[in-house]
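[1] Take this sequence and fold it.
(one chain, ligands or ions: 1)
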Amino acid sequence: MGYRVGIDLGGTNIAVGVVDSAYRIIAHHSVPTGAEREASAVIDDIAAAVDAALRKVGLTTADCACAGIGSPGTCDSERGVVVRAYNLNWFDVPVCAILSEKLGIPVRLSNDANCAALGETVAGAARGCRNVVMITLGTGVGGGIIIGGSIYAGMHSAGAELGHILLKMDGELCTCGRRGCWEAYASATALCRQATAAAQEDPKSLLYGVPEMTGKRVFDAAEQGDETARRVVERYCEYVAAGLTDLVNALAPDMILLGGGISRQGERLLEPIRRYVAAHCFGGAQGAVPRIAAAELGNEAGIIGAAAL
Ligand SMILES: [Zn+2]
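    Take a look at the predicted model:
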């Protein structure tokens, strides 16, 4: 009974892990989501993937205490319902009730950003911390808040949408429809937009006319001494750090973790951010400046976090 199942439900793949009592993944099975199908067909495949993962280590659901699912979109953890997940085309899907019936064990649900934050807290870079904020810098800016070792998600689990705190009144248009959200400045998408715009003004830049801009490309050009890229990276790090400073002022977490593609830039990203937060957070360097580090578990964080629900 010491085992748990963690399910990372994505728009492209369903990744299932069998997790032991020390939060190690001892078996893994992954299948395509096929999100164009009915939710019931996808849930059938989740159940089959759970059985397949368990079979690899000679276990059945009878050996497991529970399962957890991390899903994209808005998830009501109390009711176990995926309220809205556009990339799955799921609306009000009671996934916990259906899957629990199929597997014969209790099933819990939270959104994928919350699961990643919980996974890193129980088994990753924030091990041993009680209060953690994790920010994912990807297509958008995702957030997860851990308070006292548990996910804080607010009423109907609708909170911790940290990408949509305000960075600039009447600023850039955000995907949510509001102007000036942090995400519109601090996502990988925003970095690429900023780099493309700046390079257009500088034909000598390594980034001039680059057809497929990526965050890595911008950071690499900055490191190679490209002045335009260096200015874009410096400003981008300030955008990220300014939002983090507000979260430090609001929550004073023990630790802040950065995940997502951009976090692979490591110290090139982290060092300027640490400097900015220490200089600008309330009370300055004497204030409650948390440790700021990159997440460690990558895609496994979502599985481990789901298992820890
Ligand atoms: Zn927004």
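
[2] where does Cys176 land on pLDDT?
    Per-residue pLDDT puts Cys176 at 90.

[3] burial of the residue lying closest to it once chain neighbours are set aside, as a residue count?
    Nearest residue to Cys176, sequence neighbours excluded (C-beta to C-beta, 6 or more residues apart in numbering): His164, at 5.5 Å. (Glycine included, C-beta is placed from N, CA and C.) Neighbourhood size, His164 [other C-beta atoms under 10 Å]: 18.

[4] Next, the contact list for His164, please.
    For His164, the contact set (C-beta atoms under 8 Å, 6 or more residues apart in numbering) comprises Cys174, Cys176, Arg178, Cys181, Trp182, Glu183.

[5] Adding distance to the ion and neighbour count, write the residues you listed out as a markdown table.
    Formatted as a markdown table, the contacts of His164 follow (distance: C-beta to the ion, whole Å; neighbours: other C-beta atoms under 10 Å):
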| residue | distance to the ion | neighbour count |
| --- | --- | --- |
| Cys174 | 3 | 22 |
| Cys176 | 3 | 13 |
| Arg178 | 5 | 13 |
| Cys181 | 3 | 28 |
| Trp182 | 8 | 28 |
| Glu183 | 5 | 27 |
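
[6] Including secondary structure, could these go into JSON lines?
    As requested, the contacts of His164 are arranged in JSON lines below (DSSP: H, G, I helix; E, B strand; the rest coil):
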{"residue": "Cys174", "secondary structure": "coil"}
{"residue": "Cys176", "secondary structure": "coil"}
{"residue": "Arg178", "secondary structure": "coil"}
{"residue": "Cys181", "secondary structure": "strand"}
{"residue": "Trp182", "secondary structure": "coil"}
{"residue": "Glu183", "secondary structure": "helix"}
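
[7] Would you mind listing what in the stretch 151-300 of the chain touches the ion?
    The stretch 151-300 of the chain comes close to the ion at residues His164, Cys174, Cys176, Arg178, Cys181, as judged by C-beta under 5 Å from the ion.

[8] is it true that Ile105 lies in a strand?
    No. Using three-state DSSP, the assignment for Ile105 is coil, not a strand.

[9] so what's it up against?
    By C-beta under 8 Å, 6+ apart, the contact set of Ile105 is Val5, Thr61, Cys64, Ala65, Cys66, Ala67.

[10] Helices of the stretch 1-150 of the chain, start to end?
    Using DSSP state H, counting those that start in this stretch, the helices of the stretch 1-150 of the chain run over 39-56, 95-103, 112-123.

[11] Hmm, I typed the wrong one, I wanted the stretch 201-309 of the chain.
    Shown for the stretch 201-309 of the chain, the helices assigned by DSSP H, counting those that start in this stretch span residues 215-223, 227-251, 267-280, 300-307.
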